[in-house]
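*Asks:* fold the stuff below for me.
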Amino acid sequence: MYIDLHVHTEFSCDSEAKMEQYAEAALAKGINTLCFTDHVDLNPNDYGYNYYVPDRYFENYRKVRDKYAGRVKLLAGIEFGEPHLYADRLKELSAYPYDYIIGSIHWIGDMFPCQKVREQYSAKEFYTLYWEEVLKTVKQGGFDALGHIDFPKRYYGEIYYEETKVREIFKHLLDKDMVIEINTSSLRKGHSETMPGDELLAMYKDCGGRYITVGSDAHEVPDVGADDNIARELLRKYGLCEAVYEQRKRS
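*Replies:* Sure, this is the predicted structure:
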């Protein structure tokens, strides 16, 4: 099986890719399962604030899903930013027939790890704040997978963590039967490892993690399925099972 459960389309503010284009690329690459996980951004500082419209998404999704039925499995999803801050909206959206919901932390208050913030906060300082937000969001729950758990690495190019804090995050996440993803987008940004890499994957396994999802985090059609071979080697290395979600149920 060749699966990509993290793909962005024109229904995300930062992508112009069409669902149908992704479906064609999936067929060409031998991808048999693809999930469109468009951004839901509710932080007023985000330029995608309130961009996502679920009814328009589903109208288009159903047409494309039906067109490619029997050739490639197309799933409906979202990547919901800061779930602990917008729990009511997440609950509202969960009434839609999504297959899979990613919860991600992109913002800490009004801070995103852009160059200006990196000039003000060291990696250690920013990560310390970041892990506190991740802990809050896994305690809140309401989603299926925690996206790119060490997200600041994409911008800082390094990772900092306290093991006790990350283990606490994994405990709450696993207690809610949620998983993490292997996100390969950092490799396209010139980094040497996925999000997460070896250290956190080993810790996740040691904490009792069994399942994981794989996603390219593609925002452009050519990136769909990118570096899947590297993600799958990590799955084998740590004895983790690749998960797929349909109707919010893991298989």
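
*Asks:* how about the most centrally placed residue in the chain, nearest residue that isn't a chain neighbour?
*Replies:* By CA atoms, centre = their mean, the chain has its centre lying nearest to residue 147, at 3.3 Å. Distances taken as CB to CB, 6 or more residues apart in numbering put residue 104 closest to residue 147, at 3.7 Å, once the chain neighbours are dropped. In this view, the C-beta of every residue, glycine as well, is placed from N, C-alpha and C.

*Asks:* a strand runs through residue 180, doesn't it?
*Replies:* Yes: judged by DSSP: H, G, I helix; E, B strand; the rest coil, residue 180 forms part of a strand.

*Asks:* and residue 33, how many neighbours?
*Replies:* 17 (other CB atoms under 10 Å).

*Asks:* verify the contact between it and residue 245 for me.
*Replies:* No: using CB atoms under 8 Å, residue 33 makes no contact with residue 245, being 10.1 Å away.

*Asks:* identify the contacts common to these two.
*Replies:* Listed contacts common to residue 33 and residue 245 are 5, 75; contacts here mean CB atoms under 8 Å, 6 or more residues apart in numbering.

*Asks:* I'd like to know which elements the longest helix seen in the chain is packed against.
*Replies:* Longest helix in the chain, counting residues (DSSP state H): helix 123-140. Applying 3 or more CB pairs under 8 Å, 6 or more residues apart in numbering; DSSP states H and E, one finds that helix 123-140 contacts strand 145-146, helix 153-156, helix 163-175.

*Asks:* tell me which of those lies nearest to residue 49.
*Replies:* Closest to residue 49 of these is helix 153-156 (CB to CB; 20.1 Å).

*Asks:* now do the SS call for residue 39.
*Replies:* Look at residue 39: counting by three-state DSSP, its state is strand.

*Asks:* look up how far residue 96 lies from it.
*Replies:* The gap separating residue 39 from residue 96 is 15 Å, by CB to CB, to the nearest Å.

*Asks:* if you count what's nearby, which of the two comes out ahead?
*Replies:* Under the criterion of other CB under 10 Å, the comparison of residue 39 against residue 96 puts residue 39 first, with 23 against 13.

*Asks:* low-confidence regions, the protein specifically.
*Replies:* In the predicted model of the chain, residues 1 satisfy pLDDT under 70.

*Asks:* could you pull out the strands for it?
*Replies:* With strands called from DSSP state E, the chain shows them at 3-7, 33-40, 73-81, 100-104, 145-146, 179-183, 211-215, 241-242, 245-246, 249-250.

*Asks:* for residue 154, find the nearest of the ones you listed.
*Replies:* Closest to residue 154 of the strands of the chain, according to CB to CB: strand 179-183, at 8.9 Å.

*Asks:* mind giving me the packing neighbours of that closest one?
*Replies:* strand 3-7, strand 145-146, strand 211-215, helix 228-238.

*Asks:* got these as CSV, with mean neighbour count and distance to residue 57 columns?
*Replies:* Converted to CSV, these look like this (neighbours: other CB atoms under 10 Å; distance: least, CB to CB, whole Å):
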stretch, mean neighbour count, distance to residue 57
strand 3-7, 27, 13
strand 145-146, 26, 19
strand 211-215, 24, 18
helix 228-238, 15, 25
